[in-house]
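K.L.:
just need the structure, nothing else, for what follows:
(one chain, ligands or ions: 2)
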Amino acid sequence: MVKSIISPSLLSCDLANIATDAAQMIAYGADWLHMDVMDGHFVPNLSFGPPVIASLRKANKEAFLDCHLMVSQPANWVGPMAKAGANQFVFHIESEMPEGGAKALIKSIKDAGMQAGIALKPGTGADAIAEYADDLDMILVMTVEPGFSGQSFMANQMDKVKTIRERYPNMNIQVDGGLSPKTVDNATAAGANVIVAASAIFGSDDQKGVIDALRASVDK
Ligand code: DX5
Ligand code: ZN
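P.N.:
Ligands and ions are numbered 1, 2, ... in the order given. Model (predicted):
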């Protein structure tokens, strides 16, 4: 059985107080911190990158930094992200691959001391990761088009989650986009065990309650 992992996305925190908000998430029971790195090219938005992650790492030596790279050339960021203190490097299979393809990229991520994951945009099917699955620590199924917090959960991605869960019973399967206590049951029933949420947590005045509710859905 895979375990429940709740990974609040700091994209919706108060970015001027990221270390404080991150510490609060951990105090409320979050397992990981989800860091959305965007380059304004792979997605139409800019967020933050290695310098901010390095600052957060300095403030918090222990937290597991689950980094979601929405960038055109992920291979360029493996070294800088590892140096900044990332624990997990999740790249999009739709982005540009280095020489040697996704296999080489996964190897470079692991050689740099990080866990490796592949993310799938809503239009990308489960077969896209078939030849890499054995080397992966996690598969991320996007439940919105990547780029922004606060979008609506795409329930039509649940067949993909089910397929991936059937194929890989022990894999961490992450869902990201529009997850809240209202939508999470769709995702956990399909087999997701790693839940990302930004606006549902940071927009609530009971942040711990939301984290608890998300976990309860995975655990039931
Ligand atoms: C979107 C990001 C998400 C985003 C989720 O591209 O990958 O992690 O922060 O935000 P919510 O939970 O508000 O949909
Ligand atoms: Zn994300």
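
K.L.:
sticking with residue 159, tell me its helix or strand.
P.N.:
Residue 159 is part of helix 158-167, with elements assigned from DSSP states H and E.

K.L.:
now swap in residue 175 and tell me
P.N.:
Following DSSP H and E, one finds residue 175 within strand 172-176.

K.L.:
same check on residue 170?
P.N.:
Short version, using DSSP H and E: residue 170 is in no helix or strand.

K.L.:
wait, it sits on residue 3?
P.N.:
No - using CB atoms under 8 Å, residue 170 is not in contact with residue 3, being 10.7 Å away. Any C-beta I mention is one placed from the backbone N, CA and C, and that applies to glycine too.

K.L.:
these two: which is more packed in?
P.N.:
Remark: of residue 170 and residue 3, residue 3 carries more neighbours, 11 against 7, as counted by other CB atoms under 10 Å.

K.L.:
rewinding a little: the next helix or strand after the strand holding residue 175 near ligand 1 anywhere?
P.N.:
Once the chain leaves strand 172-176, the next helix or strand it forms, by DSSP H and E, is helix 184-190. No - if you take CB under 6 Å from any ligand atom as the test, helix 184-190 misses ligand 1, and the best it gets is 10.6 Å.

K.L.:
chain center to helix 184-190: distance?
P.N.:
16 Å (CA atoms, centre = their mean, to the nearest Å).

K.L.:
partner strands of the helix or strand following that helix, with direction?
P.N.:
For helix 184-190, the following helix or strand on the C-terminal side (DSSP H and E) is strand 194-197. Using DSSP bridges, the strands paired with strand 194-197 are strand 5-8 (parallel), strand 172-176 (parallel).

K.L.:
show me where this protein has helices.
P.N.:
Taking DSSP state H as the test, the helices found in the chain are 18-27, 50-59, 78-84, 101-111, 158-167, 184-190, 199-202, 207-219.

K.L.:
most tightly packed of those helices?
P.N.:
Using mean count of other CB atoms under 10 Å, the stretch among the helices of the chain with the largest mean neighbour count is helix 199-202, at a mean of 23.

K.L.:
may I have that helix as PDB, with CA atoms only?
P.N.:
C-alpha atoms of helix 199-202 as PDB (Å, rounded to 0.1, in the frame of the first residue of the first chain):
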ATOM      1  CA  SER A 199      -5.500  27.700  -3.200                       C
ATOM      2  CA  ALA A 200      -7.700  25.200  -1.200                       C
ATOM      3  CA  ILE A 201      -5.100  25.400   1.700                       C
ATOM      4  CA  PHE A 202      -3.900  29.000   1.500                       C
END
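
K.L.:
I'd like the numbering to begin with 43 instead of 1 from here.
P.N.:
OK, 43 is where the count begins now, so the last one is helix 241-244.

K.L.:
so is that helix next to ligand 2?
P.N.:
No - when contact is scored as CB under 5 Å from the ion, no part of helix 241-244 falls within range of ligand 2; the minimum is 12.0 Å.

K.L.:
quick one: contacts of that helix?
P.N.:
Applying CB atoms under 8 Å, 6 or more residues apart in numbering, the contact partners of helix 241-244 are 50-51, 54-55, 63, 67, 191-192, 221-223, 249, 252-253, 256.
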